[in-house]
Structure formats: structure tokens, C-alpha cells
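[1] show me the folded form of this:
(one chain, ligands or ions: 2)
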Amino acid sequence: MKTISKAKLPELLEQLSQGYKVLVPAQVEGVSRFTIYQQGLELALEENVTMPPKDIFFPQTEKMYKFKTQGKSLDIEEIQPEESLQVIFGIRSCDLKSIQCLDQVFLTKGFVDKFYQDKREKTLLIGLSCVKPMEACFCTSMGIDPQQGEGADIQAYDLGDKLGFEGITEKGQSLLAKVANFLVEEKVMLPSMEEFNLTVDIEGVPEKLKEMFDHPIWDDISRKCLNCSVCSYICPTCHCFDIASEVRGTDGVKIRCWDSCMFGEYTAMAGGHQPRPGKKERVRNRFLHKLRYFPERYNMLLCTGCGRCVVKCPVNLDITDVISKIKKA
Ligand code: SF4
Ligand code: SF4
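    Ligands and ions are numbered 1, 2, ... in the order given. The predicted model follows:
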């Protein structure tokens, strides 16, 4: 396997930055997230980042097009996409899986989202294996291997004071060839994964949920929810958005921004009808979407076991607890 000492990694990233926009996990204003690599930046490689990488492909707010009105005529100006190719270094297996979920939504079944597609096609993914799960990680319960991510162009392995690299796709192999001067070939032993603190049994849950739309369990599960939407915003797979216009005089811009099914306004209709009037209906939708509707439509769960919502929900509405309750009901 090709290896590099962690001390030399900044030099490799520096070289990559000459030809690509390189995004790495780091602390940014007190929050760990992916950010553009620059000299002197301290990388956050010990554990997964708080903010998932979804905003790299699906930004929190994104301009779709500009427009100008003149009397009854309307001129539309497209927003030109960024030209640069990008590399994301250090994506954990759970977040690689979440990108596969987003690919299904934005690129398949005849609905191709050109904003997402453009960024996705210009991106090369470097996965990073985990050695020690965090307190709320439960990816293995969701069928994910934390040491071997799906969908990476290159997989990096944490070998203690070194990193090992394996080129998975052709794009990944040719990127590794470009930085071959930093790498040495050697035989390595991959470290074994430490025990998970959190596990859950998901077996049969998507099928069981087909009969549970009107089950009283939703009253119990939703009772403490604040409908604050932290769980959706922090989730690497949640992908709902709203579209709005900002207009000044004759000039305007169409913008899309993240939205959440946990908000009442999300389903409010112009005529006043509200199909999800209370938090029971909203919480139920969140879990049915992740555990039943998405598997039905795309044959995969919309939860990767990253544990972010488990940590950040202010009232501890824990998805693993919800899955266990459904299993027992
Ligand atoms: S973070 Fe917790 S309280 Fe907030 S909307 Fe999600 S489940 Fe409800
Ligand atoms: S539902 Fe929670 S645990 Fe699952 S992917 Fe989203 S944030 Fe992670």
C-alpha cells in the first residue's frame, strides 16, 4: 500500500491545491466541518466532523438564476457554475454513503438536478477509515463498513502516525500518480475497529412500518419534539429545500435554501390546507421517510448511522431509540 506520514500530509495537500480546490476536515470558528485547505490549517482527523459534507454539493443557500423585468418582458440570466475541479479529503464511510443517497435523489429516476450534478461531476472523493467510533456512531447497524467506504475514488486508512492510500477508481489512481513523490510503497497491517457503544437492530423495520402509519406509537415518539429542525439541518442525508425570489426594483434572483419537514410551513398550502398539522404528523414523516419511503423508492435507508442527530437533538429524541420502539411495537 502507498503510505505517507501524517506529518508530511500538509505538503501533499499543498501540492494538490495547485490543481484542485481541496476541501479538508478542520475547525472553522469553533465548528468542525469541511473547508478549503490552506497552509497552516490544522486538520481535524481524530473524529468525524460535526457538519456533514452535503453543503459542498447542495449549499445551504444557492442562487439558481437572476432575472430582470422590463414592462411585461422578463430576461433570465443563468448563474455560471464554478470551473474548478475539487477534491474532498477525509470523508468517513457514513458520509460517503450519504452522498450515495443524495445521488439517488438529485441524479436518478429522470430528475437530474444540474446544480448538484455539476458539482458532483467535478469532485473526487477521498474516504478516510475510522478506527475508534464516537459515542453516538451506529453506522455498522445500518450496514456500513467504517473502514471501507462505498463510493470513494481513493480510500485512505488511518495507520496511527501514517496514512495508507488505495486508488479505487481510475480517477483516484491517476490522482495518486500525481502525488507519487510523497508516497512510499510498503506492506501494512490495517488496525482493527474498536467496539461500538451504540447499536440497533433495523432488520424488518422498513417492512413493519408499512402497517404502522396510524399506530399510537407516534404520539409517544413525537411528544417531546420541539420541531426545531436541528436534526434535519445536521443530517447528511436530509435534502428538502424551498425556492424563493429576492427582488429589488426590476432585478431579482431565484434562490433555493435548505428547508425541513419538521416545520409547519413546509407543507402549508396556499389555500390554507395543512396536511401535517401537528408535530405528530411531522415527526412521523421524518422517520417514515428515512426508514420506509426512501427504502421503497431507492432500496436504501436514508440514515447512515452517523449519530449527529442523536448528539444534537435538544430533547434527546434518539433515532436508535425510535427504531427499537418500532421493532418492539
Ligand atoms: S432536533 Fe429533536 S427536537 Fe428538534 S426537530 Fe429534531 S427531533 Fe424534534
Ligand atoms: S438520521 Fe441522524 S444518524 Fe441518521 S444519517 Fe441523519 S443525522 Fe445521521
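[2] quick one, domains of this structure?
    Structurally, the chain divides into domains by automatic domain parsing as follows: 2-185, 205-328.
[3] so how far is residue 160 from residue 79?
    Distance check for residue 79 against residue 160: by CB to CB, to the nearest Å, it reads 45 Å. C-beta coordinates here come from the backbone N, C-alpha and C atoms, glycine included.
[4] hmm, back to that, for the domains of the chain, give me JSON lines that also has mean neighbour count.
    As requested, the domains of the chain are exported to JSON lines (neighbours: other CB atoms under 10 Å):
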{"stretch": "domain 2-185", "mean neighbour count": "17"}
{"stretch": "domain 205-328", "mean neighbour count": "16"}
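[5] a strand runs through residue 326, doesn't it?
    No. Counting by DSSP: H, G, I helix; E, B strand; the rest coil, residue 326 is not part of a strand but helix.
[6] tell me, what residue is most central in this protein?
    residue 236 (2.7 Å; CA atoms, centre = their mean).
[7] okay, and that residue sits in which element?
    For residue 236, there is no host helix or strand (DSSP states H and E).
[8] I figured it hits residue 56, correct?
    No. Counting by CB atoms under 8 Å, residue 236 does not reach residue 56; the two are 10.9 Å apart.
[9] which residue of this protein lies farthest from its centroid?
    residue 71 (43.1 Å).
[10] how close does it get to residue 28?
    Taking CB to CB, one finds residue 71 at 46 Å from residue 28.
[11] mind putting the domains of the chain into TSV with mean pLDDT?
    As requested, those are arranged in TSV below (pLDDT from 0 to 100):
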stretch	mean pLDDT
domain 2-185	96
domain 205-328	97
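[12] adding distance to residue 194, write those domains out as a markdown table.
    Output for the domains of the chain, formatted as a markdown table (distance: least, CB to CB, whole Å):
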| stretch | distance to residue 194 |
| --- | --- |
| domain 2-185 | 5 |
| domain 205-328 | 15 |
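[13] these: which one's closest to ligand 1?
    Ligand 1 lies closest to domain 205-328 among those, at 3.2 Å (CB to the nearest ligand atom).
[14] didn't residue 306 look like it was pressed against residue 53?
    No. Between residue 306 and residue 53 there is no contact under CB under 8 Å: 10.9 Å.
[15] overlap in contacts of the two?
    95, 98, 236 (CB atoms under 8 Å, 6 or more residues apart in numbering).
[16] for the closest residue to ligand 2 within the stretch 1-150 of the chain, give its distance to residue 20.
    Closest approach between the stretch 1-150 of the chain and ligand 2, counting by CB to the nearest ligand atom: residue 98, at 6.3 Å. When distance is defined by CB to CB, residue 98 is 22 Å away from residue 20.
[17] now do stretch 251-270: distance to the chain's middle.
    20 Å (CA atoms, centre = their mean, to the nearest Å).
[18] pull the residues that contact that stretch.
    Contacts for stretch 251-270 (CB under 8 Å, 6+ apart): 58, 60-69, 225, 227-229, 231-233, 238, 240-246, 274-277, 279, 282-283, 285-286, 289.
[19] that one near ligand 1 anywhere?
    Yes. Applying CB under 6 Å from any ligand atom, one finds stretch 251-270 in contact with ligand 1 at residue 262.
[20] and that stretch, end to end?
    25 Å (CA to CA, to the nearest Å).
[21] same check on stretch 299-314?
    Per CA to CA, stretch 299-314 runs 31 Å from first to last residue.
[22] same check on stretch 40-54?
    End-to-end distance (CA to CA), stretch 40-54: 25 Å.
[23] please apply the same query to stretch 138-154.
    23 Å.
[24] please renumber the chain so that the first residue is 20 from this point on.
    Right, with 20 as the first residue, what we last looked at is stretch 157-173.
[25] that one: how far from the chain's middle?
    13 Å.
[26] likewise stretch 155-174?
    Distance, centroid of stretch 155-174 to centroid of chain: 13 Å (CA atoms, centre = their mean).
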